[in-house]
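In: Have a look; sequence and predicted model below, questions after that.
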Amino acid sequence: MTYLTVYSDNEQPETLLETEDSAEIEAALKDIDVVLRHWQVIDDLPPDAGQEEILAAYRAEVDRVIAEEGYTFVDVARLHPDDSADWPQRAAAARQKFLAEHTHDDDEVRYFVSGSGIFYLHVGGKVHAVLCEAGDLLSVPKNTTHWFDMGTRPAFTAIRFFHDDDGWVGDFTGSPIAERIPDFDTIAATRAARTG
Ligand SMILES: [Fe+2]
């Protein structure tokens with residue numbers, strides 16, 4: 001279930017809203033032109049399902065999004081803890097990649113098959129921190145200022161949609177704002193305490 005926290009973007013950010021009410025979340029995101037939809041989660045996908053199996057399971061929904069928005073490239077990104085010696089380094093490197101504020105010249109569209117991650121959308125003097133989980137499809141329009149935190153123990157599988165396949169480049173703003181807004185681990189802990 002999606003969990004939204006909205007912060008002011010000043011030096012000492014204040015929490016303006018915390019909610020897991022889906023209508024309230026969708027309304028707040030609509031105000032900043034971000035679309036959140038929910039698909040029925042397919043429960044019988046094996047945890048080690050590959051890209052083709054995942055895309056086949058969600059074929060009808062994926063095809064609808066492609067038809068509506070004209071995406072030409074779809075893939076599956078996945079990151080899950082394993083026992084390898086280099087996992088902590090790989091996890092930290094993956095987390096770091098988009099942890100600072102940036103934009104892209106393509107939309108950022110993600111469907112969470114499993115796991116979770118937080119998109120931070122910095123628009124109009126506020127930061128909307130959208131914690132997405134299985135079943136959530138988030139569409140962030142191109143050029144929206146944002147960052148993404150997968151937490152210190154990343155675990156997610158996500159379908160990604162692109163208008164082209166020639167690279168996924170972040171244009172970093174140089175703003176340190178991401179450092180003063182609560183991170184994934186903090187928000188996840190706050191939410192767990194609130195919802196029990
Ligand atoms: Fe991004």
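Out: Good, I have the coordinates. Numbers count the residues shown, from 1 in each chain.

In: the strands in this structure, which residues?
Out: Under the criterion DSSP state E, the chain contains strands at 3-8, 15-19, 35-38, 73-79, 102-103, 108-123, 126-133, 136-140, 146-149, 156-162, 171-172.

In: Let's have these in TSV, adding distance to the ion, mean pLDDT and mean neighbour count.
Out: Backbone N, C-alpha and C define where each C-beta goes, glycine included. Listed next are the strands of the chain as TSV, based on distance: least, C-beta to the ion, whole Å; pLDDT from 0 to 100; neighbours: other C-beta atoms under 10 Å:
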stretch	distance to the ion	mean pLDDT	mean neighbour count
strand 3-8	18	98	20
strand 15-19	23	97	13
strand 35-38	16	95	16
strand 73-79	12	94	17
strand 102-103	6	95	19
strand 108-123	5	97	22
strand 126-133	13	98	22
strand 136-140	7	96	22
strand 146-149	6	98	23
strand 156-162	11	96	20
strand 171-172	9	94	11
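
In: who's in contact with the residue positioned nearest the centre of the chain?
Out: Residue closest to the mean C-alpha point of the chain, counted by C-alpha atoms, centre = their mean, is residue 119 at 4.4 Å. Shown in contact with residue 119 (C-beta atoms under 8 Å, 6 or more residues apart in numbering): 108, 110, 129, 130, 132, 138, 140, 146, 147, 148.

In: For the second one, which non-adjacent residue is spatially closest?
Out: Beyond its immediate neighbours in the sequence, the residue positioned closest to residue 110 (C-beta to C-beta, 6 or more residues apart in numbering) is residue 158, lying 4.7 Å away.

In: picking up where we left off before, so how far is residue 89 from the residue nearest to the centre of the chain?
Out: Distance, residue 119 to residue 89, using C-beta to C-beta, to the nearest Å: 24 Å.

In: same thing with residue 41?
Out: Distance, residue 41 to residue 89, using C-beta to C-beta: 31 Å.

In: And for residue 59?
Out: Distance, residue 59 to residue 89, by C-beta to C-beta: 36 Å.

In: just residue 173 next, same as before
Out: 26 Å.

In: So for those two, which residue has more residues nearby?
Out: Higher neighbour count among residue 173 and residue 89: residue 173, with 16 against 10, using other C-beta atoms under 10 Å.
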